[in-house]
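Colleague: Sequence and predicted model, in that order:
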Amino acid sequence: MTAQYVELTRDAQGVAWLTLNRPEVHNAFDDTMIAQIIDALETTDRDPTVRALVLRANGKNFSAGADLAWMKRMAQNSHQQNLEDAGELARLMERLNNHSKPTLALVQGAAYGGAVGLAACCDIVIATRESRFCLSEVKIGLIPAVISPYVVRAIGERQARRYFISAEPFDAATAQQFGLVHELADSAEQLGEIANNMLAQLRRNSPQGITEAKKLIQAVSQKPIDQTVIDDTARRIADIRSSAEGQEGLSAFLNKRQPNWVEE
């Protein structure tokens, strides 16, 4: 019987809570956990009742990165098996990064290795001040390969050039300076309070607008502002203005009422 390494719950406000649940190994992930996270991400992405996704972890630490027993097993596998295995972690990062709903990561304790990638793939990251981050792969002769596109975008090339090769841990305040973390909490309790306030803010916004805003960022990020991008952005605003939800939002604004996606 396959162990259940993640928990997926939904609340009455349409928030899906995806919880890493291997506290005995500091939520280190292996191929089983990766598969379960991918399944949860795909399920919530398809579910129209889900308004937001929160990624969090049970226990003292958010995640210590890759499980040592799993890495030992992978070291004994063929190059092709390693390629397939790495492809699944890459698929996890891609699914999280491109999730259609707003995603929040709540980080406590250590976020090492691939866990930094999980944070970088989320839209909003809230961490306790005691949290520590580390791109530790080179310490054991590896590289942060599949997480690198997302981490470099989150912290910038200049910081990546230092921390990819030094494997120095850095604290939550430094992570906030880099742009990896958005908000800092003084305690685990405040972590939840900040998250709930952010979720309340998100619920006031158009679900379609949020999804399309996320797609917009992907479409224009690091692209030259040429005629293709200009034409694409013009098409996007025309499409959403003429959509049912866009019309409802404009009507509500002009008539000084709440749009129909806001619960009274």
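Modeller: Now that the structure is in, tell me what you want to look at. Numbers count the residues shown, from 1 in each chain.

Colleague: What helix or strand is K214 located in?
Modeller: Assigned by DSSP states H and E, K214 belongs to helix 207-220.

Colleague: Pretty sure T19 sits in a helix.
Modeller: No - going by DSSP: H, G, I helix; E, B strand; the rest coil, the assignment for T19 is strand, not a helix.

Colleague: In contact with it, which residues?
Modeller: Contact analysis of T19 by CB atoms under 8 Å, 6 or more residues apart in numbering lists 6-9, 56-58. Just so you know, the C-beta spots here come from the backbone N, C-alpha and C atoms, and that holds for glycine as well.

Colleague: switch to 10 Å and redo it
Modeller: If a contact means CB atoms under 10 Å, 6 or more residues apart in numbering, then T19 has 5-9, 27, 40, 54-58, 106 as its contacts.

Colleague: circling back: hmm, who's touching the helix holding K214?
Modeller: For helix 207-220, contacts defined as CB under 10 Å, 6+ apart pick out 14, 48, 50-52, 97-103, 123, 202, 205-206, 229, 232-233, 236-237, 239-240, 243-246, 248-249, 259, 261.

Colleague: C-terminal to that helix, what's the next element?
Modeller: Remark: after helix 207-220, the chain's next helix or strand is helix 227-241, criterion DSSP H and E.

Colleague: Quick one: mean pLDDT for whichever helix or strand comes after that following helix?
Modeller: Counting by DSSP H and E, the element after helix 227-241 in chain order, helix or strand, is helix 244-254. Helix 244-254 shows a mean pLDDT of 92.

Colleague: Run the angle between helix 244-254 and helix 207-220 for me.
Modeller: 110 degrees (axes from the mean of the first three to the mean of the last three CA atoms, to 10 degrees).

Colleague: Return the list of helices and strands in contact with the helix or strand of the chain with the lowest mean pLDDT.
Modeller: In the chain, no helix or strand scores lower on mean pLDDT, DSSP states H and E than helix 68-75, which sits at a mean of 79. On a contact count with 3 or more CB pairs under 10 Å, 6 or more residues apart in numbering; DSSP states H and E, helix 68-75 meets helix 31-46, helix 79-97.
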